[in-house]
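Chemist: Attaching a predicted model along with its sequence, questions to come.
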Amino acid sequence: MNLVEVSVEKDSNDNPICIVWPDGRRFAISSSGAPLMCPSLTAGRFAYVRDVYVIGRGNRTYRRSIIADGGKWYVASLK
């Protein structure tokens, strides 16, 4: 499993609404679960992981896990 650093856009309530990949691709988040604490990989404190469903090619939805850790956002990737 790899972690890919991404940008996450949030709404006024601090909920994630869009994932922006390093190459500029944007994926709208259609729904998301509650954030759960997990051990941090970088900051030594806790990180937060949240499962989200993003809208992809052909309006299909895909589940992704986004991780907020030390002020940065990551997506867990199996590639």
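Modeler: The structure has been received and is ready for your questions.
Chemist: Break down this structure into its strands, ranges please.
Modeler: Using DSSP state E, the strands found in the chain span residues 2-10, 16-20, 26-32, 36-39, 46-55, 61-69, 72-77.
Chemist: Which neighbouring elements make contact with the shortest one?
Modeler: Taking 3 or more CB pairs under 8 Å, 6 or more residues apart in numbering; DSSP states H and E as contact, the helices and strands that strand 36-39 lies on are strand 46-55. All C-beta spots, glycine's among them, are computed from the backbone N, C-alpha and C.
Chemist: so what pLDDT did residue 14 get?
Modeler: For residue 14, the model assigns a pLDDT of 88.
Chemist: that older thread, how about the strands of the chain in CSV, adding mean neighbour count?
Modeler: Shown next, in CSV, are the strands of the chain (neighbours: other CB atoms under 10 Å):
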stretch, mean neighbour count
strand 2-10, 14
strand 16-20, 17
strand 26-32, 15
strand 36-39, 11
strand 46-55, 17
strand 61-69, 17
strand 72-77, 16
